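Chemist: I'd like to go over a predicted model; first the sequence, then the structure.
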Amino acid sequence: AQGQPEALARRALLAAWGVEQPRDIDAALDDLLRAACCGWTAAQRQLQLLARSVTSDWQALRDAIEVQALTRAPALRVISHHPPVAVADRFATAAECEWLIELGRPTLRRAQVYHGSATPQAAESRTNSETGFTIGNADVFLSLLRDRMASATSVATNRFEVTKLLHYTVGQQFALHSDFLASHTQDLRKEIERRGQRAITLLVFLNDDYEGGATEFPRIGLRFRGKQGDALIFRNI
């Protein structure tokens, strides 16, 4: 209420994610505008990202943001019917991909797996790093990107897990695995009963300046490596 820009930006985040209040994207964008007008650089940059423009006219940027366009997914291109695997070409823009890398890079840590327990743990089969976008490091843009994911998968965002950033350096890998939760232990059975099964995976390729890095489905002889911004969607069950 006093016009403190960081507080306005945080209030925008809470409104966009519906934390302790009904979700309100318009209110979130209005608070981003107020923070930007008060000189908060992160809010200014986020307005430019959302409006897909580099102008510094903050009101014009706010007016130019098209929420429907930001949350609408491109058409899917099926690359396997059995099991279902599809691609959403140009699911995210280059600027959006670079934004997500920058947003998640500071909190990367060793990736973990579920191995008989509902508590993830490090394993030699997975050597890459990851970070989860919780309310502490998410933003308004990511809330709208999750709406785009919902559009692509026909799954409501309140059924999503935490969105994660995965990072691979040279030689790192995630070896052969399944993305569904196995039910061979009591801990995992309870996890499935409590939260549900992992039915669908959606991966977005955030960069393409590397060799290798394909996602492989060996039983059906399918390998896919997307260009920057492409999304790969497959069912796990």
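Modeler: That came through fine. Numbers count the residues shown, from 1 in each chain.
Chemist: Need the contact partners of the helix or strand bottoming out on mean pLDDT in the chain.
Modeler: Lowest by mean pLDDT, DSSP states H and E among the helices and strands of the chain is helix 186-195, with a mean of 87. Under the criterion Cβ atoms under 8 Å, 6 or more residues apart in numbering, residues Tyr114, Gly116, Ser117, Ala118, Thr119, Leu181, Ala182, Ser183 lie in contact with helix 186-195. For every residue, glycine as well, the C-beta is placed using N, CA and C.
Chemist: among these, which are in helices?
Modeler: In this view, the contacts of helix 186-195 have no member that belongs to helices under DSSP state H.
Chemist: Would you mind listing which of these are buried?
Modeler: The neighbour count (16 or more other Cβ atoms under 10 Å) marks Tyr114, Ala118, Leu181 as buried among the contacts of helix 186-195.
Chemist: Let's see the pLDDT reported for the last one.
Modeler: What the model reports for Leu181 is a pLDDT of 83.
Chemist: That one: what's it in contact with?
Modeler: For Leu181, the contact set (Cβ under 8 Å, 6+ apart) comprises Tyr114, Leu188, Glu191, Ile192, Gln197, Arg198.
Chemist: still on that earlier bit, from the buried ones among the contacts of helix 186-195, which single one is nearest Arg11?
Modeler: Ala118 (33.9 Å; Cβ to Cβ).
Chemist: nearest residue to that closest one other than its sequence neighbours?
Modeler: Using Cβ to Cβ, 6 or more residues apart in numbering and skipping residues adjacent in sequence, the residue nearest Ala118 is Glu191, 4.1 Å away.
Chemist: can you tell me which residue is nearest the centre of the chain?
Modeler: Centroid-nearest residue in the chain: Thr163, 4.5 Å away (criterion: Cα atoms, centre = their mean).
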